[in-house]
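Asker: take this sequence and fold it.
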Amino acid sequence: MLRSTTAIAAALAAASLANPVSAQDHSGHAMPAPAPAPTSTPPTAPVDHTRMDHGAMDHGAMDHSQMDHSQMDHGAMGHAGMDHAAMGHEMAHSGEGSGTARLPVNESMNHGAMVSLGGDTTLMLHGFVWPVYTDQTGPRGDDKFYVQSMGMATLNGEFAGGRWMARTMMSLEPAMRHDGYPNLFATGEVAYGEPLVDRQHPHDLFMELAGRVDFDIADGTTAFLYGGPVGEPALGPSSFMHRASARYNSEAPITHHWFDSTHITYGVVTAGVAARRFQLEGSAFRGREPDEFRWNIETPKLDSWSVRASFAPSDALMFQASYGFLKSPEELHADENEKRTTASVHYNNGRGLSATGAFSAKKLVEADGSGSEPVLTAWLGEVNYDITDHHTVFGRIENVRNAELFPDHSDPLHDRSFRVTKFQAGYAYRLPLGPVNLALGGTVSAFAKPDMLDSYYGKNPMGYTVFARFSLGD
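Answerer: Numbering: from 1, shown residues only. Next up, the predicted model:
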């Protein structure tokens, strides 16, 4: 079913009236002080760094070994005129992903249009409409035309000693059928009272409704508090929708419920400490996954918890490790809790190449702490390469041990776990259309699975998609 694009249209209209502001990507490299101008030359006007596109500067091509740093007069570099509060904010939060997750500093994505609302307050608008046709082959496959969508508005402001942020992210995907779209070997959540198998559920109307406050506690370091009725706890890597390595992949990973299924959670409070190179945080949140009625806001709870550490050894890399306890995540298995451990590394060279590698292990336990369920592990590798200004290739490899492929208790394979690998490759042709970016492309997928599943899935099931992605920003 086609869905309305009202939320995105509003964002696009705002973009056509706004002057976009380029994202800053300060590398931290020291630059030699300019030679004094002759006295007869008028003073040079101050440089407006907010208009500079630092992301387009090829810092990698600069020969820093030829700079004589010992001869540089750092005291004369004009620090008195620099906004240290703004620098501290950028240092602490460059490379933000979904929720409070971190991505490489180089991953300063173009989030669409930025509008000044006066003073230190800005409004950032971002969104996309993504028509997709998919054909998943084999006895358990299906085909469908559907539309993904997302609209996001973020308010940012400053106060003495800190900054604040308020963000809403919404989708019109609830207009899709409750069972979403075909996606072989994907599992998780419920539709029409039954577990979803070989399908990906649609997102809720409210994907995020949260705010964040940062307090400066040291140069370039903040203590922060994040939360709201709809948000994302400190668990797992940044969600697939916000990773540059998955930017043009129209399918959710089949490992979604191992890594980032909590990116829509009803009730979240997160506290932490953030700096340019590290972040430590902990969350209390609602462990139950969203139900199939996706237009409403479900009752927030704080019955689960998680902790996460992120470390950036360079502007190109970000590592994260996290652990969480989820109380009764599955609606149809309310007596089971989940213990989840994740680790990931994200790479972005700042010149069109981004990649993600991740591992997750989850174990289901009875509410009383008992249970002998196996540990279910998953691996993910993801890459996106912008070859030129117009051509992008991307791919994903996933390997997962899944025990939810046969939910029928009468089936002899019920509750048995099977290890499946998905291989996916894709291409996108990118074309700017004024304030909108259009990407035309598609993907092809193949699977490696146990022979025992041939009678259910066919010997060589395949998946195909074609799409047209209209976005405000990346």
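
Asker: in the top strand by length along the chain, what counts as buried?
Answerer: In the chain, taking DSSP state E as the definition, the longest strand is strand 142-159. For strand 142-159, burial by neighbour count (16 or more other C-beta atoms under 10 Å) applies to 142, 144, 146-154, 156, 158. Using the backbone N, CA and C atoms, a C-beta is placed for each residue, glycine as well.

Asker: likewise for stretch 377-385?
Answerer: Using 16+ other C-beta under 10 Å as the test for burial, stretch 377-385 gives T377, A378, W379, L380, E382, V383, N384, Y385.

Asker: repeat that for stretch 311-325.
Answerer: A312, D315, A316, L317, M318, F319, Q320, S322, Y323, G324, F325.

Asker: please report how far the closest residue in space to L353 that isn't next to it in sequence lies from R396.
Answerer: Sequence neighbours aside, Y385 is the residue nearest to L353 in space, at 5.1 Å (criterion: C-beta to C-beta, 6 or more residues apart in numbering). Plainly put, Y385 is 13 Å away from R396 if you go by C-beta to C-beta, to the nearest Å.

Asker: and D219, by the same measure?
Answerer: 39 Å.

Asker: more neighbours, those two?
Answerer: Between D219 and R396, counting by other C-beta atoms under 10 Å, R396 is the more crowded of the two (25 against 10).

Asker: could you say which helix or strand holds the more buried one?
Answerer: strand 391-402 (DSSP states H and E).

Asker: which residues touch that strand?
Answerer: 185, 187, 245-249, 253-255, 258, 374, 376-387, 417-430, 439, 441 (C-beta atoms under 8 Å, 6 or more residues apart in numbering).

Asker: list only those of those flagged as buried.
Answerer: Looks like the contacts of strand 391-402 have 185, 187, 245-249, 253-255, 258, 376-380, 382-386, 418, 420, 422, 424-428, 430, 439, 441 buried, using 16+ other C-beta under 10 Å.

Asker: ok, P313 - contacts?
Answerer: R277, F319.

Asker: follow-up on the earlier one: so which of the buried ones among the contacts of strand 391-402 sit within strands?
Answerer: Using DSSP E, these in strands are 185, 187, 376-380, 382-386, 418, 420, 422, 424-428, 430, 439, 441.

Asker: okay, now the unreliable bits of the chain?
Answerer: Scanning the chain with the threshold set as pLDDT under 70 gives 1-94, 108-111, 369-372.

Asker: now do the end-to-end distance for stretch 237-255.
Answerer: 12 Å (C-alpha to C-alpha, to the nearest Å).

Asker: ok now that stretch, how far from the chain's centre?
Answerer: 7 Å (C-alpha atoms, centre = their mean, to the nearest Å).

Asker: what of stretch 291-309?
Answerer: 18 Å.

Asker: tell me the buried residues in that stretch?
Answerer: E292, R294, E298, P300, L302, S304, W305, S306, V307, R308, A309.

Asker: returning to that earlier point: bridged to the residue nearest to L353, which residues?
Answerer: In this entry, Y385 is beta-bridged to L353, V393, by DSSP bridges.

Asker: need the contact list for it.
Answerer: G352, L353, S354, T392, V393, F394.

Asker: in CSV: those residues, plus distance to V105 and neighbour count.
Answerer: Output for the contacts of Y385, formatted as CSV (distance: C-beta to C-beta, whole Å; neighbours: other C-beta atoms under 10 Å):
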residue, distance to V105, neighbour count
G352, 16, 14
L353, 15, 17
S354, 13, 27
T392, 22, 20
V393, 24, 15
F394, 22, 24
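
Asker: same list (those) but as a markdown table, adding distance to L172.
Answerer: Output for those, formatted as a markdown table (distance: C-beta to C-beta, whole Å):
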| residue | distance to L172 |
| --- | --- |
| G352 | 31 |
| L353 | 32 |
| S354 | 28 |
| T392 | 26 |
| V393 | 29 |
| F394 | 25 |
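
Asker: understood, closing this out.
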